[in-house]
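Visitor: Output the structure for:
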Amino acid sequence: MVHGSRTSRWRVLLGHAGTTIVLSGVCAMLFVRSAQGWAEATPTGWAGVAGETIGGGDIEPVDIRDADTLNRLAIGSTAKVLRIHGTIRLTDQLRVGSNTTLIGAGGDATIRGGGIHVRKVDNVVIRNLTITEAPDAVSIEESHHIWVDHCDLSKCSDGLVDIKRGSDYVTVSWNHFHDHRKTCLLGHSDKQNIRAIDLGHLRVTYHHNYFDGTQTRHPRVRFASPVHVYNNYYRDNEYGIAALMDSGVIVENNYFEDVEQPTVTQYGDSPDPGRLIERGNVYVRSGEAQTRGTVDESTLIYRYQMDPADKLPQIVESGCGVGKLEK
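Guide: Below is the predicted model of the structure:
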């Protein structure tokens with residue numbers, strides 16, 4: 001694991017005038033910065049390990065303005081970038097094929113009524129979209145190398161980002177979660193037959209997300225290890241992170257404000273506790289963080305840079321959600 005230094009990946013801001021190009025560090029890395037903050041061209045975290053998560057890459061985008069076109073073009077494994085305009089109303093979940101980028105145009109691109117179903121595919125990028133009033137906003141199962149970034153997710157009947165059934169190499173970053181109860185599930189069942197599917201998988205990074213008044217599951221974790229939760233802003237939650245069923249979670253440099261239970265290692269009817277370590281977090285008017293056991297960090301093999309925990313409310317609130325990427 002390497003942290004506290006600049007990532008070895010190129011980081012570019014996808015738009016907005018008045019950018020500044022900075023050459024920094026031993027590796028002469030290129031950074032592009034504007035008043036909107038940083039936006040990554042490729043994901044930090046597990047989605048950048050053991051392969052790439054670039055979706056359709058730099059292929060010419062196709063502009064999407066209606067549900068029929070979106071449903072038709074989203075399937076299949078041919079590389080594609082679908083740029084969504086305005087509000088698209090779905091009557092069912094949207095099935096997405098491999099090598100796909102779904103990205104909103106500007107700050108008002110919205111999918112309403114049906115969420116995004118990522119199943120048995122790989123290399124999918126979902127960015128700059130508002131997804132609301134669906135069964136699940138984003139459901140990921142039996143898939144790998146998935147990136148959910150800079151989205152606004154709320155008011156769904158089940159989960160906002162649920163990851164299950166052996167999915168792997170996922171990054172969830174810079175999203176605004178709000179107006180919801182059961183937010184992010186990682187591993188969907190305590191059953192032993194599911195354990196066999198999930199063990200050795202479900203490697204997920206959560207960073208720079210704003211859990212804004214959502215109640216639980218930020219995330220709720222079963223069997224997965226190591227799960228990495230850093231630089232998130234938690235505000236007014238029932239609990240933050242739940243590590244259950246011998247999962248292993250690393251919780252570092254987050255900001256917890258008015259959170260009843262920032263971290264728990266036993267919850268609900270899950271019969272077995274998980275393992276959780278924490279460091280560098282800030283707790284404001286919040287309960288005690290539960291920790292248990294150890295987590296093997298030697299397999300956390302990607303580079304990342306953490307922001308100071310006490311600066312996260314401003315950094316995350318101003319930088320997360322939609323409208324921060326290229327219009």
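Visitor: Which residues does residue 275 form beta bridges with?
Guide: residue 248 (DSSP bridges).
Visitor: Over to residue 122?
Guide: Taking DSSP bridges as the rule, residue 122 bridges to residue 144.
Visitor: what's the burial count for it?
Guide: Residue 122 has 20 neighbours, counted by other C-beta atoms under 10 Å. Where C-beta positions appear, they are placed from N, C-alpha and C, glycine not excepted.
Visitor: Can you name the residues that contact it?
Guide: 51, 98-99, 143-146 (C-beta atoms under 8 Å, 6 or more residues apart in numbering).
Visitor: if you set the cut-off to 6 Å instead, what comes out?
Guide: Listed by C-beta atoms under 6 Å, 6 or more residues apart in numbering, the contact set of residue 122 reads 98, 144-145.
Visitor: okay, the residues you listed in a markdown table with neighbour count next?
Guide: Below are the contacts of residue 122 laid out as a markdown table (neighbours: other C-beta atoms under 10 Å):
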| residue | neighbour count |
| --- | --- |
| 98 | 20 |
| 144 | 24 |
| 145 | 27 |
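Visitor: Nearest to residue 308 among those residues?
Guide: The closest of the contacts of residue 122 to residue 308 turns out to be residue 145 (C-beta to C-beta; 30.0 Å).
Visitor: What residues does that closest one make contact with?
Guide: Shown in contact with residue 145 (C-beta under 6 Å, 6+ apart): 47, 51, 53, 122-123, 169.
Visitor: cutoff 8 Å now
Guide: Neighbours of residue 145 in contact, by C-beta under 8 Å, 6+ apart: 47, 51-53, 122-124, 168-170.
Visitor: ranking those residues by neighbours, who comes first?
Guide: The most crowded member of the contacts of residue 145, judged by other C-beta under 10 Å, is residue 47 (31 neighbours).
Visitor: Report the separation between that residue and residue 232.
Guide: Taking C-beta to C-beta, to the nearest Å as the measure, residue 47 falls 16 Å from residue 232.
Visitor: Also residue 177?
Guide: For residue 177 relative to residue 232 (C-beta to C-beta), the value is 10 Å.
Visitor: and if you look at residue 43?
Guide: For residue 43, the distance to residue 232 - C-beta to C-beta - is 15 Å.
Visitor: just residue 89 next, same as before
Guide: As judged by C-beta to C-beta, residue 89 and residue 232 stand 31 Å apart.
Visitor: How about residue 173?
Guide: As judged by C-beta to C-beta, residue 173 and residue 232 stand 10 Å apart.
Visitor: State the pLDDT value of residue 28.
Guide: Per-residue pLDDT puts residue 28 at 29.
Visitor: Check residue 98 too.
Guide: pLDDT recorded at residue 98 is 99.
Visitor: can you check residue 41 too?
Guide: Confidence score, pLDDT, at residue 41: 88.
Visitor: May I have the phi/psi pair for it?
Guide: phi -80, psi -30 (degrees, to the nearest 10).
Visitor: burial of residue 322, as a residue count?
Guide: Around residue 322 there are 21 other residues, counting by other C-beta under 10 Å.
Visitor: and what of residue 182?
Guide: 16.
Visitor: Neighbours of the nearest residue to it once chain neighbours are set aside, how many?
Guide: Leaving aside its sequence neighbours, residue 182 sits nearest to residue 217 (C-beta to C-beta, 6 or more residues apart in numbering; 5.1 Å). Residues lying near residue 217 (other C-beta under 10 Å) number 27.
Visitor: What strand or helix carries residue 71?
Guide: Using DSSP states H and E, residue 71 sits within helix 67-74.
Visitor: In terms of secondary structure, what does the helix or strand that that helix is followed by contact?
Guide: Per DSSP H and E, helix 67-74 leads on to strand 80-84 as the next helix or strand towards the C-terminus. Judged by 3 or more C-beta pairs under 8 Å, 6 or more residues apart in numbering; DSSP states H and E, the packing partners of strand 80-84 are strand 62-64, helix 67-74, strand 100-104.
Visitor: Any buried residues in the second one, and which?
Guide: For helix 67-74, a neighbour-count test (16 or more other C-beta atoms under 10 Å) marks 67, 70-71, 74 as buried.
Visitor: try the shortest one
Guide: Along strand 62-64, these residues count as buried under the neighbour rule (16+ other C-beta under 10 Å): residue 64.
Visitor: so what's residue 247 up against?
Guide: 186-187, 221-225, 227, 274-275.
Visitor: for it, phi and psi?
Guide: phi -70, psi 160.
Visitor: just the one 10 residues further on next, same as before
Guide: Dihedral angles phi and psi of residue 257 (degrees, to the nearest 10) take the values phi -130, psi 120.
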